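Undergrad: predicted model follows, preceded by the sequence.
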Amino acid sequence: MFKRYSAKVDCLREQRTRSISESEKTLREQYYFLEELIDAIPISVFHIDTQGVYLGCNEAYAQFLGREKADIVGKNPYDLFEPELARKYQQRDILLFHQPGIQTYETEMPHADGSEHNVFVSKATFTDTAGTITGLVGAVIDITERKQAEKELQKAKEQAEQVKTEVEEVNRQLESSIERANFMAQEAMVANKSKSEFLANMSHEIRTPMNAIVGFSDILKQEKLTDEQKEYVNIIWDSSKNLLALINDILDFSKIEAGKLDTEMIDCPLENLLDSINSMLGPSAKNKGLAFAIQRRSKLPVKMRTDLVRLRQCLVNLINNAIKFTEKGHVYLGVSSQTDNGQSYIRFEVEDTGIGILREKQNIIFESFSQVDNTMTRKYGGSGLGLSITKRLAEILGGGLTVQSELGRGSVFTLLIPAGVEVAFEALRTEDSQDDSTKKTIKDPSIKISGRVLVAEDNLTNQKLLEIVLKKMDLRVEVAGDGQKAVEKATTQSFDLILMDMQMPSMNGYEATKVLRSQGLTMPIVALTAHAMKEDEKKCLAAGCDEYLSKPIDREKLCHILVQYLSSPKDNAVADDSGQDSGPAAPYPIGKAKLPIEWEKLSELCEDEKCMEELSRTVREDVPLYMENILKAIGENDFSNLVFYAHRAKGAATTMGAKELADKITILEQAGQAKDIVTAKSFFDKIHNEIKDLLSFLSKPNWIELTKQQNSSSSQ
Ligand code: ADP
């Protein structure tokens, strides 16, 4: 029995032992599996008991610390970390044991590679089966890279912030610079304006006394003087002329520099320009013994659209230089037309046989105040501004200026200016104009002028000067001290011409001229002004003046105008002969030497007198209608009708050969285009009377004969 029980017990013991070892095996396997599982986790994991002693860790944690797992188990933080750090860890662990749950934080932890890593730690307590806390398990995530990226991001953000601040600062500075620049530009504009005004005023102030110096030395020159006196007077005359030229140049130059040079593009008959150049400069070339000619080198357009005053100024500068720098030979102005890229140009070539310019100096002469050689200033005078102004003017007109020259042989200055119009080419003249010998000037003893001139001038010196000059030309002179007196005299007495100073007290010359024109007076009025500005010329013509002279008065220019307007006995004879059997009374103003029609122009169109009479009849029928419509259009501010009828009237005058009148009607037409009613009105008054004169002239039975005679007498 015992044996049986004993065997049973053994069997049971064996079974139990087997079962225990199987359980142990299962447990080991589970433990082993758990260890492998934890090792497979890439995050560092460890667990410690309530005393802080490491119970275990995974491979990642061991690697992080750079130790073996076995080297960690059984150790406490003080064995593994610096005391300071160990204390910190321990304090957090104690806190967790006191407040069980989950604890997370970021901290730094020494890495196996020797550097400090940023880590995110998450810890939680664990309990035994009885629920007693027996330790904690912690997971450590390496966030060094993320932290680094965050740091860099922060740095970049800070840099961006800094850049933004800097940009804002630069912007602020820029804004304040712009503000300052605007302020300075405004100040500069004001300064420039003041400079321009100052120069204009100075020029006016200087011109008035210069008028006396130039004028009286000119008169003195004609007196009987000793050689020594003559020499002194000549020096005064030359110097004052040079000073005047310099003032003009400086004025122009400053206007160009200030960008204030206005241009006025108008249709100008090319032939008129060439004629005026010929008569203005031909004599000075001739006086120097030089041949002078204007050579038309190709077919030329009848007119060009440009600023006539400025173009003339360019040509005068170039031709004056050519004459100045040439001792013998010739000065020619060659004129031709050319087309570049579909644009028409007029080419003016000023050619001389003078001293020429060294090749390497040919560029600098266009710079302001530059001369080839300073010794030149002593010999020839000049400021070195002329070419620089001419080049700038040419560019302002849309063209250019170039030079070709050979030292000792001469120069050719080429001025290329856009024709400015759709040009219908037409030969102007077949022959070239030679020097001015065919033109009338007072120097020619065969030419006599006569008439009564009213001088309206407030300045006593100028009154005296003009009186002397005019009386020396055998003219009768009456003086009025202001505009009011001038109007009184001109409306109660008969005058052949008025010299009208535009700046006078009580009533100025502009007002006086307007009053005279409004009262139907048609005698020529020549404006005199100390202002050299181009706008002044425009203002004078708009007021109703026929001509414009700037002070100091150039005696030659004055003579030229007087000859143009005042009748010589010979001219009178022609007019008087014809006048006797004429129809309407006083068909043409007394003292006006020129007849309204140019034979040359008329005969270009009509081959025989029958055609001319036919033309005259049409003009006499049509033109009064045009004028009536123009007047109506002006009254109604109807600019399109004004332009329409002015254009027709201009066409009629041109066809009739009344070229000067046609040019004036052009201004009326332009005033209509510009919707400028004031100019239109004032020009209408002026043109109206001239047209009446033309019509009454055309109704004379012998108008053709008279026109023909004038032509032959003026070309003698
Ligand atoms: P200036 O008032 O000195 O004549 P410009 O600007 O008109 O001033 O001319 C500048 C310089 O160019 C002159 O001083 C001269 O040396 C040279 N020059 C101009 N035109 C001619 C020319 N036709 N022949 C020779 N030299 C010339």
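TA: All right, it came through fine. Residues are numbered from 1 along each chain as shown.
Undergrad: okay, and the helix or strand of this protein with the least pLDDT?
TA: Within the chain, confidence by mean pLDDT, DSSP states H and E is lowest for helix 569-579 among all helices and strands, at a mean of 38.
Undergrad: in the helix or strand following it, what counts as buried?
TA: Of the helices and strands lying after helix 569-579 in sequence (DSSP states H and E), the nearest is helix 599-605. By neighbour count with 16 or more other CB atoms under 10 Å, helix 599-605 contains the buried residues 599, 601-603. Placement of C-beta: from N, CA and C, glycine included.
Undergrad: cool, and stretch 47-54?
TA: Neighbour counts over stretch 47-54 (16+ other CB under 10 Å) mark 47-48, 52, 54 as buried.
Undergrad: Q404 - that's part of a helix, no?
TA: No - applying DSSP: H, G, I helix; E, B strand; the rest coil, one finds Q404 to be strand, outside a helix.
Undergrad: gap between it and N58?
TA: 98 Å (CB to CB, to the nearest Å).
Undergrad: more neighbours: which of those two?
TA: Under the criterion of other CB atoms under 10 Å, the comparison of Q404 against N58 puts N58 first, with 23 against 15.
Undergrad: so who does the more buried one touch?
TA: 38-39, 41, 44-46, 69 (CB atoms under 8 Å, 6 or more residues apart in numbering).
Undergrad: mind listing what I357 touches?
TA: Counting by CB under 8 Å, 6+ apart, I357 makes contact with 365, 372, 403, 405, 407, 411.
Undergrad: then G672?
TA: Contact partners of G672, counting by CB under 8 Å, 6+ apart, are 633, 639, 642-643, 646, 680.
Undergrad: re earlier: most surrounded residue in the contacts of I357?
TA: The most crowded member of the contacts of I357, judged by other CB under 10 Å, is S411 (24 neighbours).
Undergrad: pretty sure it is in a strand, no?
TA: Yes - using three-state DSSP, the assignment for S411 is a strand.
Undergrad: just list whatever residues bridge to it.
TA: D352, S405 (DSSP bridges).
Undergrad: is it true that it touches T402?
TA: No - if you go by CB atoms under 8 Å, S411 and T402 don't touch, sitting 10.9 Å apart.
Undergrad: and the strands in the stretch 501-650 of the chain, which stretches?
TA: Per DSSP state E, counting those that start in this stretch, the stretch 501-650 of the chain carries strands over the ranges 525-529, 547-550.
Undergrad: for those strands, which one sits closest to the ligand?
TA: Comparing the strands of the stretch 501-650 of the chain against the ligand with CB to the nearest ligand atom, the closest turns out to be strand 547-550 (19.5 Å).
Undergrad: can you tell me what sits against that closest one?
TA: In this structure, residues lying in contact with strand 547-550 by CB under 8 Å, 6+ apart are 207, 524-532, 536-537, 540-541, 557-558, 561, 565.
Undergrad: buried ones among those residues?
TA: Among those, those scoring as buried are 207, 524-532, 536-537, 540-541, 558, 561, 565 (criterion: 16+ other CB under 10 Å).
Undergrad: how close does S405 sit to Y5?
TA: The separation that S405 has from Y5, given CB to CB, amounts to 150 Å.
Undergrad: equivalent analysis for L261, please.
TA: 142 Å.
Undergrad: and Q222, by the same measure?
TA: When Q222 is compared with Y5 (using CB to CB), they lie 178 Å apart.
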